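**Q** What follows is a protein structure lacking sequence information:
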DNA sequence: GTCACAGTATGAATCGTTTCATTCGTTGTG
DNA sequence: CACAACGAATGAAACGATTCATACTGTGAC
């Protein structure tokens, strides 16, 4: 493997000069730069990032921990983050927690060992103590898709309580009264906040919200929840369902409408959350609550790398109702 | 920042012993192990991966370059790869080429600087020379979702020509004769192979296949292609469309069915490719050609890390027709 | 009492890059 | 002609973990 030393020898300059050519060519005489570049090309030299990092004490990577990369919402967040990070000369390491503490923790360990410049994370639950410790070790964190007023972490979030409120209010406006929220695990802030918002909106009109728990926020879990609802007596079913995300909603559609005998929205109105690309093309075009995914990702990077910002800046975007056939009828 | 040296001092042992506790505790006396662990915990020591890598000469990461991480097919491939890699103690760095040479190349540069253990890649076009050079530098590659008989690289692929054949044959079986393939860029092997397979199947029955080019394989591009088709005279439209992937197909559905006046499958039958989760829940449940995404990812990792395998093993999976309403009618 | 040996622990050398205090050489000025 | 000043290049030190040849200790055998 060829190193700066080899390049230096080949170009008949010192290693320091090679390094300067690489990092601040303006301090090196043009013809020397030329000469060194020629040697680099001839020998096929490739900088060793590990050595560079070791010296620098810090890597040029940002860790991103999401709940589920298969959820297009998070895929989009990741893309937004990646793009902005690249502009700053950083790259993004994406890790999946699969909504599991254990996996989240393992990934944070890895990120710590890599001395990432910072971590963007959608915590599974209360990961704050762990993140505090990391910050003491010089690794800052930005909470993504998650409010954090109490703590001293930056955060980028969409108001999930308001989102839940918007979704439920919309269902109520359509004349529905037997509301259910499908989602889980309940410990996820996304789920509990959206539920709370829905309950608030419902309570104002004197109705309650049933909570139908799932093990995860996936299409498959949505399908299973749908089957459980189908197993009930017709009179015992909700007349409106608010799914905690679009994956669940699409799964629900599959079992309720396609294998079941439920008409949407006639029998049950359905609204999802995130407004992923696929929602608009669903069997019954899916109403949803839109979040600016890519913007969330890029903003999180800005907060992490921004030098001017205070240690606890909170950016909050507003969710937006996108009403389609699944709640409006034809 | 606390280092092995600090731990050693705190535990009153040598740095070598600390390292041994970390890496081969069986060679260290139990009580010493105990003592060192206590110091590690007390000081909050975290191993510096850069230093470790520098010494080792190689990282415990695998680079994965996909065309588009927002495509659930690739998200699933990534997950499959990640899971298998974790079993071997490796992690996966996912990078997006967005079907652009430039970006692909930049990511490969980065991976090379990081001395990754290997690269899994779905090349944008002919990236073989570049990959050969990387192999000479000790970084092996496995081609993903891409045949490679000519070269000496391992590959994991699904027979795209056969997939195209299956899709077209199915459309022809439904009595369609004016076939079109929507996809692009044409330089992508995925696109050209699927087109070729479709043309072969069509030619056998004496019909041709129109090629409707798109700039990318995305929902948005599908929408645009749909609009272009809608702009045509009714009599000039195809009666069956084979979309090069499900994203395009879902975009086509959106413009053809939801904003346009086309009935699917009555006026135009539509089939996609990949059978992503969302295909089954589409406005018209989408027929598709299924590929075992997660298996592709995990197999690629096996090929890369497998010690026994020859340098040019080729794993090929068979695509599978999944016929739904978008080609079958109700 | 000596020797061999196993079980542990040691610490200097190493990986490849960057940094920075120095040195070198040239030009311009008084 | 001496000296200041500046641009350019130098090379040793440092980053932190791992490795490996060596040293130490105590036990059992002869």
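**A** Perfect, I can see it now. As the structure is a computational prediction, the values presented were derived from the model and not from experiment.
**Q** wouldn't residue A:161 be in contact with residue A:200 here?
**A** Yes - counting by Cβ atoms under 8 Å, residue A:161 does reach residue A:200; the two are 7.3 Å apart. Where C-beta positions appear, they are placed from N, C-alpha and C, glycine not excepted.
**Q** Out of the two, name the residue with the larger neighbour count.
**A** Ranked by neighbour count (other Cβ atoms under 10 Å in any protein chain shown), residue A:161 and residue A:200 place residue A:161 first, with 19 against 16.
**Q** any idea which element that one lies in?
**A** Secondary structure from DSSP states H and E places residue A:161 in helix A:160-173.
**Q** residues in contact with residue A:94?
**A** Neighbour list for residue A:94: A:64, A:66, A:69, A:78, B:94 [criterion: Cβ atoms under 8 Å, 6 or more residues apart in numbering or on different chains].
**Q** Tell me the buried residues within those residues.
**A** A:64, A:66, A:69, A:78, B:94 (16 or more other Cβ atoms under 10 Å in any protein chain shown).
**Q** Just the ones of those in strands?
**A** A:64, A:66, B:94 (DSSP state E).
**Q** Contact partners for residue A:60?
**A** Counting by Cβ under 8 Å, 6+ apart, residue A:60 has contacts A:53, A:89-91, A:117.
**Q** Apologies, that question was intended for residue A:237.
**A** A:178, A:229, A:262, A:267-268.
**Q** Need the ones in strands among the buried ones among the contacts of residue A:94 in TSV (columns: pLDDT and distance to residue A:142).
**A** Shown next, in TSV, are those (pLDDT from 0 to 100; distance: Cβ to Cβ, whole Å):
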residue	pLDDT	distance to residue A:142
A:64	97	10
A:66	95	13
B:94	94	20
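**Q** Stretch A:291-298 and chain B in contact?
**A** No - among the residues of stretch A:291-298, none lie within reach of chain B under Cβ under 8 Å from any Cβ of the partner chain; the closest is 10.0 Å away.
**Q** for chain A, what spans make up the strands?
**A** Under DSSP E, chain A gives strands at A:61-66, A:91-96, A:118-121, A:141-144, A:154-158, A:179-183, A:209-213, A:240-243, A:269-271, A:288-290, A:314-317, A:320-322.
**Q** Find the one among those strands with the highest mean neighbour count.
**A** Most buried of the strands of chain A, by mean neighbour count (mean count of other Cβ atoms under 10 Å in any protein chain shown): strand A:240-243, with a mean of 30.
**Q** Pairing partners for that strand, with directions?
**A** According to DSSP bridges, strand A:240-243 forms sheet pairs with strand A:179-183 (parallel), strand A:269-271 (parallel).
**Q** What about residue A:1, how many residues nearby?
**A** For residue A:1, the count of nearby residues is 12 (other Cβ under 10 Å).
**Q** Look at it and report its pLDDT.
**A** For residue A:1, the model assigns a pLDDT of 86.
**Q** again with the one 3 residues further on
**A** Taken from the predicted model, the pLDDT recorded for residue A:4 is 97.
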